[in-house]
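Visitor: Following is a predicted model, sequence given first.
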Amino acid sequence: MNKNYFLLMMGGVGSRFGADRPKQFVEVNGKPVFSYILKELNKLDYIDGIVVVCHASWVDFVKYYCKIGYEKLLNVVEGGDCRSKSVYNGLKEIRKVADEKDNVLIHDATHPHLDKVKLPELINKVNECGAATMITSVFDTCYIKDEDKNISKIIDRKSIAVGASPECFKFGLIFPIYDNASNEELENMTSAGAILVNNGHKMATVESDLLNLKITYQNDMELFKILCDTYFYKSEE
């Protein structure tokens, strides 16, 4: 049976966030943001192992924090000098236990939630076609602006999807792409899905009904604090 490994990306330094620490380490109700996702993952019987990628200065903190109660955590590894190189570091760690038929889910801790309802569907999609990602639909009118910031065109919103998290891949599909990618490609591509599509592969989608919150600025964190116990993690004690 295929195994499912989870790569939790949290290597950013939070330059736009404006706090004394990266946003994934800010405490909400006495716990760092990243711990909410890790705790949920540790309880899912179909997740076989977890690798965390974080900034070098936070590796020891994460290892210490996760010493008890995170049995599925395989390792905490240092990120690279850009996101794609950080993903590559994580994939190299997962390669120690995964084979090409196993699945790897890649999730950014800046999305401080986990759609547990749709995760099995995402994994099933990957078992069918090799790669899939969570998305959310767009319900507002979508425009293209010209160089003067005037609206020049209306886009059919039915053709647009917003990337959510996680992305999921067959390990035997995604790892060789990273392993053979040029330094320029790694520096320019912001997601594993982007690198995959750039290499001529298609990616299926699974639509999530969960609010697609991404913590970038302080007001995003304030929203997470409000919704943490009442929406995203209702079962948290």
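Guide: Yep, it's here.
Visitor: What does the pLDDT read for the residue nearest to the spatial centre of the chain?
Guide: Among the residues of the chain, the one closest to the centroid is residue 107, at 1.7 Å (CA atoms, centre = their mean). Residue 107 carries a pLDDT value of 97.
Visitor: Kindly report the same for residue 11.
Guide: Note on residue 11: pLDDT of 70.
Visitor: Enumerate every residue touching the residue nearest to the centre of the chain.
Guide: For residue 107, the contact set (CB atoms under 8 Å, 6 or more residues apart in numbering) comprises 6-9, 37, 114, 165-167. Where C-beta positions appear, they are placed from N, C-alpha and C, glycine not excepted.
Visitor: looking at this protein, which helix or strand is least sure?
Guide: helix 183-188 (a mean of 91; mean pLDDT, DSSP states H and E).
Visitor: which parts of that helix are buried?
Guide: With burial defined by 16 or more other CB atoms under 10 Å, the residues of helix 183-188 counted as buried are 185-186.
Visitor: what ranges do the helices span in this protein?
Guide: Taking DSSP state H, the helices of the chain run over residues 33-43, 59-65, 83-94, 119-129, 171-180, 183-188, 192-198, 218-227.
Visitor: and the fifth one, what does it pack onto?
Guide: Yep, that's helix 171-180 we're talking about. On a contact count with 3 or more CB pairs under 8 Å, 6 or more residues apart in numbering; DSSP states H and E, helix 171-180 meets helix 83-94, strand 103-108, helix 192-198.
Visitor: hey, which of the ones you listed is tucked in deepest?
Guide: For the helices and strands packed on helix 171-180, the largest average neighbour count (mean count of other CB atoms under 10 Å) is found in strand 103-108, namely a mean of 25.
Visitor: where does that one sit relative to the chain's centre, distance-wise?
Guide: Strand 103-108 sits 6 Å away from the centroid of its parent chain (CA atoms, centre = their mean, to the nearest Å).
Visitor: Output it as CSV, restricted to C-alpha atoms.
Guide: As requested, the backbone C-alpha atoms of strand 103-108 are provided in CSV (Å, rounded to 0.1, in the frame of the first residue of the first chain):
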residue,chain,number,x,y,z
ASN,A,103,2.7,10.3,-2.0
VAL,A,104,4.2,13.6,-0.7
LEU,A,105,1.9,16.4,0.4
ILE,A,106,3.5,19.9,0.6
HIS,A,107,1.9,22.4,2.8
ASP,A,108,2.8,26.0,3.8
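Visitor: tell me the angle of it relative to helix 119-129?
Guide: If you take axes from the mean of the first three to the mean of the last three CA atoms, to 10 degrees, strand 103-108 sits at 130 degrees to helix 119-129.
Visitor: so strand 103-108 versus helix 33-43, what angle?
Guide: Going by the same axes, to 10 degrees, strand 103-108 is angled at 160 degrees with respect to helix 33-43.
Visitor: could we number from 39 for the rest of this?
Guide: Shifting the count to begin at 39 puts that one at strand 141-146.
Visitor: partners of strand 141-146 in the sheet?
Guide: Note on strand 141-146: by DSSP bridges, its sheet partners are strand 42-48 (parallel), strand 199-208 (antiparallel).
Visitor: Return the most buried member of those.
Guide: Per residue and on average, the most neighbours among the strands paired with strand 141-146 fall to strand 42-48, with a mean of 25 (mean count of other CB under 10 Å).
Visitor: Now for the closest residue in space to residue 228 that isn't next to it in sequence: which residues touch it?
Guide: Excluding the flanking residues, the one nearest residue 228 by CB to CB, 6 or more residues apart in numbering is residue 121, at 6.0 Å. When contacts are counted by CB under 8 Å, 6+ apart, residue 121 touches 47, 49-50, 228-229.
Visitor: so which of those residues comes closest to residue 255?
Guide: residue 50 (13.1 Å; CB to CB).
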